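Peer 1: What follows is a predicted protein model with its sequence.
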Amino acid sequence: MRNDVILKAKDLSKTFSNESVQQHVLKNLSLEVYKGDFTVVMGNSGSGKSTLLYALSGMDRPTLGTITYYVDDDSKGTKKEEGIEISKFSNDKLAMFRRNHAGFVFQQNYLNDSMSALDNVMVSGLLRNKDRKALAEKAKKLLERVEINERDSKKFPAQLSGGQQQRVAVVRGVINSPEVLFADEPTGALNSQNTTNVLDILSELNSEGQSIVMVTHTLKAAERGSRIIYLADGVISDECDLGEYAGDYQDDENPDKEKARKRHEKLKDFLQAMGW
Ligand SMILES: Nc1ncnc2c1ncn2[C@@H]1O[C@H](COP(=O)(O)OP(=O)(O)O)[C@@H](O)[C@H]1O
Ligand SMILES: [Mg+2]
């Protein structure tokens with residue numbers, strides 16, 4: 001059921017200017033993101049995927065247009081029906097809003113090299129959660145879930161494998177229970193096995209209700225989505241609904257699942273039509 005809009009972008013434009021040229025990267029783009037969806041943004045390199053993700057998430061501001069979140073906001077005491085329009089927020093307000101409502105995973109894990117894996121997660125969590133003990137419990141549980149054991153959680157990032165590092169980064173992204181988890185090519189730097197592991201974690205979080213917006217350029221990652229948005233030259237060309245196949249993606253354990261095969265074919269047909 002897609003009734004609950006969590007985020008609404010209206011007439012977004014993003015223009016980058018240097019001395020001589022203006023580059024219109026997003027062009028009057030409107031998009032609603034639904035609660036509980038695993039929304040995937042695809043499109044050629046340079047089509048504006050990252051720019052869109054940064055605008056939606058409040059990492060950057062659009063040149064024109066509005067971004068409204070439908071979330072409860074304790075800091076203001078507002079209810080989600082009212083909507084919070086973030087595109088004109090000051091840097092501080094935007095940072096505070098992100099901290100309370102959004103989580104991030106990037107291609108690079110951006111972990112702090114001088115802190116243990118657990119502390120990396122704790123530092124993000126403490127920005128919102130003042131109960132250190134409860135937070136530590138939550139962090140440890142989440143790290144265990146992504147198969148970072150207690151011993152590894154005390155290691156510095158450099159002592160962990162690339163796959164482990166990215167799993168820590170995913171835990172950091174969800175430690176504050178964000179309404180939306182944004183991911184920009186989160187498996188772009190991982191080998192095949194680690195890619196599957198990270199995608200499995202994202203799929204599992206999504207099946208528990210975590211809304212996700214993920215940019216990817218691989219079929220393997222896109223396949224986890226419930227809704228695929230295709231971006232071409234700063235506008236949405238079309239979208240593909242995979243919601244009916246929730247939970248049935250192709251993976252190494254179940255390569256022959258019937259529903260997974262249908263999902264795969266529907267997505268492939270869609271991408272082919274997009275000229276991907
Ligand atoms: N901060 C920036 N300043 C100038 N140009 C930028 C900036 N960020 C992105 N661009 C340009 O916008 C276009 C789209 O970039 P991006 O959103 O990163 O595409 P994608 O993620 O789809 O590959 C590219 O041509 C890029 O050079
Ligand atoms: Mg990009």
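Peer 2: Sure, I can see it. Numbers count the residues shown, from 1 in each chain. Ligands and ions are numbered 1, 2, ... in the order given.

Peer 1: hey, let's count contacts and neighbours off CA atoms from now on
Peer 2: OK.

Peer 1: Can you tell me which residues in this protein are near ligand 1?
Peer 2: 16, 25, 44-51 (Cα under 6 Å from any ligand atom).

Peer 1: Narrow those residues to those in strands?
Peer 2: 16, 25 (DSSP state E).

Peer 1: Check the residues of the chain next to ligand 1 against Glu85 and report the nearest one.
Peer 2: Taking Cα to Cα as the measure, Glu85 lies nearest Thr51 of those, at 18.3 Å.

Peer 1: pLDDT at the closest one, what is it?
Peer 2: pLDDT recorded at Thr51 is 98.

Peer 1: With Glu81 instead?
Peer 2: Value listed for Glu81 in the pLDDT field: 85.

Peer 1: who's in contact with it?
Peer 2: 70-71 (Cα atoms under 8 Å, 6 or more residues apart in numbering).

Peer 1: swap in Gly173?
Peer 2: 103-105, 181.

Peer 1: which secondary structure element contains it?
Peer 2: Element membership of Gly173 [criterion: DSSP states H and E] is helix 162-174.

Peer 1: can you give me the angle whichever helix or strand comes after that helix makes with helix 162-174?
Peer 2: Going down the chain from helix 162-174, the next helix or strand is strand 180-184, by DSSP H and E. Put simply, strand 180-184 runs at 150 degrees to helix 162-174, going by axes from the mean of the first three to the mean of the last three Cα atoms, to 10 degrees.

Peer 1: Please give the number of neighbouring residues around the closest residue to Asp73 other than its chain neighbours.
Peer 2: Spatial nearest neighbour of Asp73, excluding adjacent residues (Cα to Cα, 6 or more residues apart in numbering): Lys79 at 6.4 Å. For Lys79, the neighbour count with other Cα atoms under 10 Å is 13.

Peer 1: mind checking how far Lys79 is from Glu258?
Peer 2: According to Cα to Cα, to the nearest Å, Lys79 and Glu258 sit 42 Å apart.

Peer 1: can you check Thr218 too?
Peer 2: Counting by Cα to Cα, the gap from Thr218 to Glu258 is 21 Å.
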